[in-house]
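>>> Return a 3D structure for these sequence lines:
(chains A, B and C)
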Amino acid sequence: MKSHRKELWFETPGRRAFLNITPQVEAALQESGIREGLVLVNAMHITASVFINDDERGLHADYDAWLERLAPHEPVSAYRHNRTGEDNADAHMKRQVMGREVVVAVTEGKLDFGPWEQIFYGEFDGGRRKRALIKIIGE
Amino acid sequence: MKSHRKELWFETPGRRAFLNITPQVEAALQESGIREGLVLVNAMHITASVFINDDERGLHADYDAWLERLAPHEPVSAYRHNRTGEDNADAHMKRQVMGREVVVAVTEGKLDFGPWEQIFYGEFDGGRRKRALIKIIGE
Amino acid sequence: MKSHRKELWFETPGRRAFLNITPQVEAALQESGIREGLVLVNAMHITASVFINDDERGLHADYDAWLERLAPHEPVSAYRHNRTGEDNADAHMKRQVMGREVVVAVTEGKLDFGPWEQIFYGEFDGGRRKRALIKIIGE
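Sure thing, here's the model as predicted:
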């Protein structure tokens, strides 16, 4: 069994953003030399997500509005977590809806994807350096 | 390390459906000959889910009503994604709540399940041929 | 490839609770002797979750209130599932938002975590004995 590990670093200027990281995951898979196995990609921070969906700008705007409806940022004082001095409780909720991680099959050296699948880093509390982890195991 | 890959194809007549695919996943595991490892089962489309829950018709009706409340199909014009000519933005939201994939332990050649766990394909934008992927790795 | 399996048992007195199970997962990893691989941790019951987030009491109170808003326990009669004699339909919804499982990378014999990641068992229908599964594969 082989394994390969790589970190991706991000610093998004605004509070929220969706970044397509599929090329970086494909590059890590090439580096690994693994032909059959599994790739785990996860946010290393608890106010961010890694998820798979469509690379379509309108959809991302819809996600942003929908997540704000399910877990609004304001009023900040509505969340007990924010009494610790944080203002990011909503980001911890949004991340649960979108998920922490994805696991993708590796087949014949490639990400084994359906026609529209793309991997995104979802930032819900940006403005500082944060990381995602890629871990690949297989042969 | 061994690996095994199989696709499942679906065409549900209506827009939304929940299909129990546990027997197909068990069959793929038998074919693989793998005794210890992990099974990944994921939707290959971004408006569908694979999830684990109870095979109870009332619960599935509850899920359907609840997901409609969290992310209504109508009005279609409420979603920017639908300006691309699609009418399925709600399906992209529902899929995030229910999840893209499950990872199940394989122990002594069987799906290592609790008493009520069953695997479902959740369709949120049906009426056409779509796929799920089974990937098994182990020994 | 090596594999290791362990069950964790819980009985929470109330209906809902969040329990930090990171030490138990770390102990299972030590027992396994695995240095590079993946850990799967999943609820074996369909009204409970395993998820990764912050070990902060205020945040957990926020999650509880938020999940009650998304999928209220009362009125019990609002759910068709509860006509089967159950009163836990809401717990099946809450579990989908928070997720069934986490997959964590193992690197140099340790859980490969970001600064605040902790693993929780989320109970949404307590008062009886229930289980989570740890399965570790690697080398």
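>>> contacting residues for the one residue in chain A that gets nearest to chain B?
In chain A, the residue that lies nearest chain B is A:Gly114 (2.9 Å; Cβ to the nearest Cβ). All C-beta atoms are positioned from the backbone trio N, CA, C, and that covers glycine. A:Gly114 makes contact with B:43-46, B:131, B:133 under the criterion Cβ atoms under 8 Å, 6 or more residues apart in numbering or on different chains.
>>> For chain C, state which of those is nearest.
Distance from chain C was checked for each of those by Cβ to the nearest Cβ. The minimum falls on B:Ala43, at 14.6 Å.
>>> Next one: the nearest residue to A:Phe10 once chain neighbours are set aside from A:His45, what distance?
In space, and not counting its chain neighbours, A:Phe10 is closest to A:Lys130: 5.4 Å by Cβ to Cβ, 6 or more residues apart in numbering or on different chains. In this structure, A:Lys130 lies at 5 Å from A:His45, with Cβ to Cβ, to the nearest Å as the measure.
>>> Looking at the two, which one has more neighbours?
Between A:Lys130 and A:His45, A:His45 has the larger neighbour count (other Cβ atoms under 10 Å in any protein chain shown), namely 24 against 21.
>>> Quick check: which element contains that one?
Counting by DSSP states H and E, there is no helix or strand that carries A:His45.
>>> do the same with A:Ala91
Assessed by DSSP H and E, A:Ala91 sits inside helix A:89-98.
>>> Please state the offset of that helix from the chain centre?
Average the C-alpha atoms of helix A:89-98, do the same for its chain, and the two points are 12 Å apart (Cα atoms, centre = their mean, to the nearest Å).
>>> So which elements touch that helix?
Counting contacts by 3 or more Cβ pairs under 8 Å, 6 or more residues apart in numbering or on different chains; DSSP states H and E, the secondary-structure elements packed against helix A:89-98 are strand A:48-53, helix A:57-70, strand A:118-123, helix B:89-98, strand C:48-53, helix C:57-70, helix C:89-98.
>>> Would you format those as CSV with mean pLDDT included?
Below are the helices and strands packed on helix A:89-98 laid out as CSV (pLDDT from 0 to 100):
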stretch, mean pLDDT
strand A:48-53, 98
helix A:57-70, 98
strand A:118-123, 98
helix B:89-98, 98
strand C:48-53, 98
helix C:57-70, 98
helix C:89-98, 98
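>>> out of the ones you listed, which comes closest to A:Gly33?
The closest approach between A:Gly33 and any of these, judged by Cβ to Cβ, belongs to strand A:118-123 at 20.1 Å.
>>> what's the angle from the closest one to helix A:89-98?
Angle between the axes of strand A:118-123 and helix A:89-98 is 160 degrees (criterion: axes from the mean of the first three to the mean of the last three Cα atoms, to 10 degrees).
>>> is chain C contacted by strand A:118-123?
No - using Cβ under 8 Å from any Cβ of the partner chain, we find that strand A:118-123 stays clear of chain C, coming within 13.0 Å at best.
>>> partners of that strand, with directions?
strand A:17-20 (antiparallel), strand A:48-53 (antiparallel) (DSSP bridges).
>>> what does that strand contact?
Outside strand A:118-123, the residues that touch it by Cβ under 8 Å, 6+ apart are A:8, A:10, A:12, A:15-22, A:25, A:41, A:43, A:48-55, A:94-95, A:98, A:102, A:104, A:130, A:132.
>>> need the contact list for the one residue sitting closest to the centre of chain A.
Of all residues in chain A, the one closest to the mean position by Cα atoms, centre = their mean is A:Val50, 1.9 Å from it. Shown in contact with A:Val50 (Cβ under 8 Å, 6+ apart): A:21, A:41-43, A:99-102, A:119-122, A:132.
>>> One more pass at 10 Å, please.
A:8, A:21, A:25, A:40-44, A:95, A:98-102, A:119-122, A:132-134 (Cβ atoms under 10 Å, 6 or more residues apart in numbering or on different chains).
>>> And A:Tyr63, by the same measure?
Neighbours of A:Tyr63 in contact, by Cβ under 10 Å, 6+ apart: A:16, A:18, A:51, A:53, A:94, A:97-98, A:120, A:122, B:81, B:89, B:92-93, B:96.
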